[in-house]
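Q: coords please:
(one chain, ligands or ions: 2)
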Amino acid sequence: MIRGPTLITPQMAQEAIDAELAPWPAESRPLEQCIGRTLREDVYAERDNPPFDRACMDGIAIDSAVFGRGVRRFLVQGIQAAGAPALRLAGGEHAIEVMTGSILPRGADCVIPVEEYAVSDGIAALAAQVAGTPYRNVQRRGEDSRPGVPMLKAGTTLGAPEIAVVASAGLASVRVSRPPDFMVVSTGDELIEPGAPIAEHQIRRSNAYAIIAALKERGFERIGNDHIPDDEGLLRDRLALHLAAWDVLILSGGLSKGKFDLVPHVLRSLGAREVFHHVAQQPGHPMWFGVGPQGRPVFGLPGNPVATLVCLIRYVVPAIAAAMGTARAPPEPAALASPMRFSRAITRFLPVCIRWDERGARSAVPRPTNGPGDFLALTGTDGFAELPPQQEYPAGFLASVYRW
Ligand code: AMP
Ligand code: MG
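A: Numbering: from 1, shown residues only. Ligands and ions are numbered 1, 2, ... in the order given. So this is what the prediction gives:
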């Protein structure tokens, strides 16, 4: 457990989380269900790629050696369609019409495009200046990849190009990470569901919806949503159920030093092991992380909406992605577009918009909030810059940007 008067840094918090998260199980899924998933096996070519010498223009296939002897008129003996087995040139001064994607006929090694000859009475007469070099307009067998060399490595995220490669390897299904399911729990007596009547002293329950949105944007589908009042008995009963039923528990609120901030105490009483409570950062100081009695991760995010979202993106999302086998993408470097000054030197998470100047250089335009409750200021921003503990940051300061 990491706690006490010396607060841990964000980097230490990240490392402590990573150390507790076991690799997520993998499963074999049909190709169409693998979009956006993390590959958990290397994928090898089934055959050479391309698997045969392949015509890559519509035209005629000829023997370049015959062309080299000065022959410019060829007898067109037949048609080689894509998907048909290879024909054979009947003789040196013969040509076979080929279609893009067809196998190169035996005896031919050059494709003259259809624009460069005219056919009359079954004879293709080549135009002057036509080149007839070996393997012109032919993709050679094995040019792109060969069996035995992985085309895709475990850890790759499967987007459209990668799915094409898996299909080309002849695989109908492939091993990918099984995405975890998440239970998102907000705590607080003051929180009222959108759509329900609300009194002056109450506030809308917005954090859970922000968390769910960020998870869904990343392709997670099985996400529970619960609200628990600040009541020790209710918290204990409901959290016990959630700890047993869900892969990952994400809580918001109830972590500070108020009389009704009961979450760390209740989690401990349910057998959760606290790994850390409090991180030297602003916003998000009360962040909590632990491991439930079943060994599953529990993230306690601070209730203030800016802190909730920042901590979700800074800690939860990358840790889950890493556990699913995806290499941790480093945050993007971007230069601060204007100087910033703070009263205290502590790691800051500063909302920013990313801009490109005329020369293509990236900069981060600060969009400071009026405090950790000012989630309105986040709308239209791209993410937040992590600034190391300093009081002043000049314009041009290179910050690490995390996208929402
Ligand atoms: P807490 O950490 O529970 O003390 O909450 C800190 C602040 O964030 C309080 O002003 C809460 O009202 C607010 N808050 C807590 N949970 C939520 C939520 N789910 N949605 C919006 N605001 C919240
Ligand atoms: Mg609360």
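Q: could you name the helices and strands sitting against the longest helix belonging to the chain?
A: Among all segments of the chain classified by DSSP state H, the helix with the greatest residue count is helix 232-245. Applying 3 or more CB pairs under 8 Å, 6 or more residues apart in numbering; DSSP states H and E, one finds that helix 232-245 makes contact with strand 182-187, strand 223-228, strand 248-252, helix 263-269. Yep, even glycine has a C-beta here, placed from its N, CA and C like the rest.
Q: ok, now with 7 Å
A: Packed against helix 232-245, as judged by 3 or more CB pairs under 7 Å, 6 or more residues apart in numbering; DSSP states H and E, are the following elements: strand 182-187, strand 223-228, helix 263-269.
Q: mean confidence for the helix or strand that comes right after the last one?
A: It stands for helix 263-269. The element immediately downstream of helix 263-269 (helix or strand, assigned by DSSP states H and E) is strand 273-277. For strand 273-277, the per-residue pLDDT values average out at 97.
Q: I'd like the helices and strands packed on helix 232-245 laid out as TSV, including mean pLDDT and distance to Gly107.
A: What follows is these, written out as TSV (pLDDT from 0 to 100; distance: least, CB to CB, whole Å):
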stretch	mean pLDDT	distance to Gly107
strand 182-187	98	62
strand 223-228	98	62
helix 263-269	97	76
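Q: still on that earlier bit, check whether the longest helix of the chain comes near ligand 2.
A: No - Helix 232-245 is not in contact with ligand 2 by CB under 5 Å from the ion; minimum separation 11.1 Å.
Q: show me which positions of that helix end up buried.
A: In terms of neighbour count (16 or more other CB atoms under 10 Å), helix 232-245 has its buried residues at Leu235, Arg236, Arg238, Leu239, Ala240, His242, Leu243.
Q: tell me the angle that helix makes with strand 223-228.
A: Taking axes from the mean of the first three to the mean of the last three CA atoms, to 10 degrees, one finds helix 232-245 and strand 223-228 inclined to each other by 170 degrees.
Q: does ligand 1 have contacts with helix 232-245?
A: No - legend: contact between helix 232-245 and ligand 1 by CB under 6 Å from any ligand atom is lacking; minimum distance shown is 12.0 Å.
Q: now for Gln80: which residues touch it?
A: Neighbouring residues of Gln80 by CB atoms under 7 Å, 6 or more residues apart in numbering: Ala61, Leu87, Ile96, Glu97, Val98, Met99, Ser102, Ile103, Pro105.
Q: narrow the residues you listed to those in strands?
A: In strands, judged by DSSP state E, the following of the contacts of Gln80 are found: Ala61, Ile96, Glu97, Val98.
Q: which single one of those residues is nearest to ligand 1?
A: Proximity of the ones in strands among the contacts of Gln80 to ligand 1, judged by CB to the nearest ligand atom, is greatest for Val98, which lies at 64.9 Å.
Q: for the closest one, which non-adjacent residue is spatially closest?
A: Across the structure, with CB to CB, 6 or more residues apart in numbering as the measure, the residue nearest Val98 apart from its sequence neighbours is Ala55 (4.1 Å).
Q: Ile79 now?
A: In this structure, Ile79 finds its nearest non-sequential neighbour in Glu97, 4.6 Å apart by CB to CB, 6+ apart.
Q: returning to what we had before: pick out the most distant pair among the contacts of Gln80.
A: Spatial extent of these (CB to CB) is set by the pair Glu97 and Ile103 at 13.3 Å.
Q: tell me the contacts of whatever residue of the chain ends up closest to ligand 1?
A: Scanning the chain for proximity to ligand 1 using CB to the nearest ligand atom identifies Gly303 as nearest, at 2.5 Å. Contacts here follow CB under 7 Å, 6+ apart; on that basis Gly303 touches Gly188, Asn207, Ser252, Gly253, Gly254.
Q: right, and the fourth one touches Glu190 too?
A: What that stands for is Gly253. No - taking CB atoms under 7 Å as the definition, Gly253 is not a contact partner of Glu190, at 9.4 Å.
Q: please say which of those two ends up with more neighbours.
A: A direct count of neighbours by other CB atoms under 10 Å for Gly253 and Glu190 places Gly253 higher, at 27 against 16.
Q: so for Ala244, what's the nearest residue that isn't a sequence neighbour?
A: Nearest one to Ala244, counting by CB to CB, 6+ apart, is Gln294 at 6.3 Å.
Q: quickly compare the helices and strands packed on helix 232-245 and say which is most buried.
A: Most buried of those, by mean neighbour count (mean count of other CB atoms under 10 Å): strand 182-187, with a mean of 25.
Q: before we move on, back to that, so how far is Val184 from the residue of the chain closest to ligand 1?
A: Noted for Gly303: a distance of 13 Å to Val184, by CB to CB, to the nearest Å.
Q: could you check how far the longest helix of the chain is from the centre of its chain?
A: A distance of 32 Å separates the C-alpha centroid of helix 232-245 from that of its chain, computed with CA atoms, centre = their mean, to the nearest Å.
Q: now do the same contact list for Pro283.
A: Under the criterion of CB under 7 Å, 6+ apart, the contact partners of Pro283 comprise Pro302, Asn304, Val306, Ala307, Val310, Phe349, Pro372.
Q: kindly report the same for Tyr402.
A: By CB under 7 Å, 6+ apart, Tyr402 lies in contact with Ile313, Arg314, Pro331, Gly383, Phe384, Glu386.
Q: please save the CA atoms from the helix or strand hosting it in CSV.
A: Element membership of Tyr402 [criterion: DSSP H and E] is strand 398-403. Only the C-alpha atoms of strand 398-403 are listed here, as CSV (Å, rounded to 0.1, in the frame of the first residue of the first chain):
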residue,chain,number,x,y,z
LEU,A,398,6.6,21.0,-24.2
ALA,A,399,3.7,19.3,-22.4
SER,A,400,2.3,15.7,-22.7
VAL,A,401,-1.2,15.8,-24.0
TYR,A,402,-3.8,13.1,-23.4
ARG,A,403,-6.9,13.1,-25.6
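Q: can you give me the buried ones in that strand?
A: Residues of strand 398-403 classed as buried under the neighbour-count rule (16+ other CB under 10 Å) are Ala399, Val401, Tyr402.
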